[in-house]
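Q: structure of the sequence below:
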Amino acid sequence: MNRNNENKKNHIMHVAAISLGLLVALSACQNTPKEEKNATSQGSISATMSESKEAPAVTLRVIASTDAIYDFTKLIGQDRVEVVDLIEGDADAHHWEPTPKLLMQINEADLFLLNGAGLESWLPDVQASLTGKVKSVDLSDGVALRKGEEDHDHEEDHDDHEEDHDDADHDDKEQHEHHHGEFDPHYWLSPKAAAIQAKNIYEALVASDPQGKEVYDANYKALQEKFEALERDYAEKLKPYSGRSVIVPHEAFGYLFDAYGLKQIGLEGMLADGQPSAKKIAEIVDLAKKEGIKTVFYEAYGDDKEAESVAAEIGAKTAPLYTLEAESKEDRAKGENYFTFMQKNLEALVDSFGGK
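A: Numbering: from 1, shown residues only. Predicted coordinates:
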């Protein structure tokens, strides 16, 4: 079977399964006694959003599509908001898709905060299932987005694509373009761009809960100061290494590196989709030897095999970098968040250049 057609068939089957599951779940809710509904909700993921007599009154219920959005919303809203991280744990944001249960959870919320810039490839399917109560907000508004950098030099057979290119229908083309996106969505890794995202969150909270403005104002001001301090730290510590190259797990660091004069060499492309070809690895090894690169980064929570392979070729070490596309429950329980992970990334980058 042609790969395009096979992918399209799988996509259609997945969407149909989600839609059917959502209809069944909604029907069950409508036909379930109130007491049974309440008991059932206690065991669901949305239990974190259920009301408690002992907890402070929550004004807004918010769904965050990324870990960074979750962190910023918690810091700004604090007790006035109840936030659910849509992609829990260390899942892959690029290849994640929602379940019918999560679709119901989104419909029960007041705000659905989205990274935007094409990160949420599953968004059209979800939007088709929204009832109208929840307000969706694209938090990339105001960010100067980078053009997406496609990397097709990985080990994947394109014969099927070329063989039937002329016969590919419009829907397949739209699906391909939507999946890859026009822009690089990883803007949150730049403190300056992340600060814009946080500003958009603040404005969404105030618009939905004007009575909480005084609380949101104070918390947002404190958050602005954290961003300013992070920007100063990055600028000061990375300034001596402007112009240097860094081998990263995938091309997610464009916004960050552009801001501080660094160049990313991705083991994988922007979407972390497909292993690098032998040709690309050879090119990376040659460049690393030429520039004296002594660290190959792999993605925290991810596989380090590719990094280890390249590192062995050039006599380098490996180290993790956080893309903040995922955060383990264990780390979150320890108090880790956007700012602690960004500080770890800064320390790892400086160390990779031989600095202190």
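
Q: distance of residue 107 from residue 133?
A: 7 Å (Cβ to Cβ, to the nearest Å). All C-beta spots, glycine's among them, are computed from the backbone N, C-alpha and C.

Q: neighbour-wise, which of those two wins?
A: Neighbour count, other Cβ atoms under 10 Å: between residue 107 and residue 133, residue 107 has more, with 18 against 10.

Q: identify the residues contacting residue 340.
A: Neighbouring residues of residue 340 by Cβ atoms under 8 Å, 6 or more residues apart in numbering: there are none.

Q: show the pLDDT at it.
A: What the model reports for residue 340 is a pLDDT of 98.

Q: that one falls within a strand, correct?
A: No. Using DSSP: H, G, I helix; E, B strand; the rest coil, the assignment for residue 340 is helix, not a strand.

Q: let me know the helix or strand that residue 266 is in.
A: Residue 266 belongs to strand 263-268 when assigned by DSSP states H and E.

Q: hmm, who's touching that strand?
A: Strand 263-268 is contacted from outside by 151, 154, 243-254, 257, 274-276, 281, 284, 287-288, 296, 298, 306-307, 310, using Cβ under 8 Å, 6+ apart.

Q: narrow those to those that are buried.
A: The neighbour-count criterion (16 or more other Cβ atoms under 10 Å) marks 151, 244-254, 257, 276, 281, 284, 288, 296, 298, 306-307, 310 among the contacts of strand 263-268 as buried.

Q: inside helices: which ones of these?
A: With helices taken from DSSP state H, the overlap with these comprises 254, 257, 281, 284, 288, 306-307, 310.

Q: switch those over to CSV; also include pLDDT and distance to residue 339.
A: Compiled in CSV, these are given as follows (pLDDT from 0 to 100; distance: Cβ to Cβ, whole Å):
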residue, pLDDT, distance to residue 339
254, 97, 21
257, 98, 19
281, 93, 34
284, 95, 31
288, 95, 30
306, 93, 28
307, 95, 25
310, 95, 30
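
Q: now distance to residue 96 too, for those residues, in a markdown table please.
A: Listed next are these as a markdown table, based on distance: Cβ to Cβ, whole Å:
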| residue | distance to residue 96 |
| --- | --- |
| 254 | 21 |
| 257 | 25 |
| 281 | 27 |
| 284 | 28 |
| 288 | 32 |
| 306 | 21 |
| 307 | 23 |
| 310 | 27 |
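
Q: keeping just the C-alphas, turn the strand holding residue 266 into PDB.
A: Presented in PDB, the C-alpha positions along strand 263-268 are these (Å, rounded to 0.1, in the frame of the first residue of the first chain):
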ATOM      1  CA  LYS A 263      24.500  27.600  16.200                       C
ATOM      2  CA  GLN A 264      22.600  24.300  16.600                       C
ATOM      3  CA  ILE A 265      23.600  21.100  14.900                       C
ATOM      4  CA  GLY A 266      20.600  18.700  15.300                       C
ATOM      5  CA  LEU A 267      21.000  15.000  15.400                       C
ATOM      6  CA  GLU A 268      17.400  15.000  14.300                       C
END
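
Q: can you give me how far it is from the chain middle?
A: Offset of strand 263-268 from its chain centre (Cα atoms, centre = their mean, to the nearest Å): 18 Å.

Q: can you tell me what sits against stretch 345-353?
A: Residues outside stretch 345-353 that contact it (Cβ under 8 Å, 6+ apart) are 233-234, 237-238, 240-241, 244, 246, 262, 293-295, 297, 319-322, 356.

Q: how about a cut-off of 7 Å?
A: Defining contact as Cβ atoms under 7 Å, 6 or more residues apart in numbering, one finds that stretch 345-353 is touched by 233-234, 237-238, 241, 244, 246, 294-295, 319, 321-322.

Q: and the helices in the stretch 151-300 of the chain?
A: With DSSP state H, counting those that start in this stretch as the criterion, the stretch 151-300 of the chain has helices at 159-163, 170-180, 191-208, 213-238, 254-260, 278-291.

Q: of all these, which lies closest to residue 142?
A: With Cβ to Cβ, the closest approach to residue 142 among those belongs to helix 191-208: 5.0 Å.

Q: in that closest one, what's buried?
A: Buried residues in helix 191-208, defined by neighbour count with 16+ other Cβ under 10 Å: 191-202, 204-206, 208.

Q: which other helices and strands does that helix contact?
A: Judged by 3 or more Cβ pairs under 7 Å, 6 or more residues apart in numbering; DSSP states H and E, the packing partners of helix 191-208 are helix 67-77, strand 111-114, strand 135-138, helix 213-238.

Q: ok, so of the ones in helices among the buried ones among the contacts of strand 263-268, who is nearest residue 212?
A: Minimum distance to residue 212 across these is 35.3 Å, recorded for residue 254 (Cβ to Cβ).
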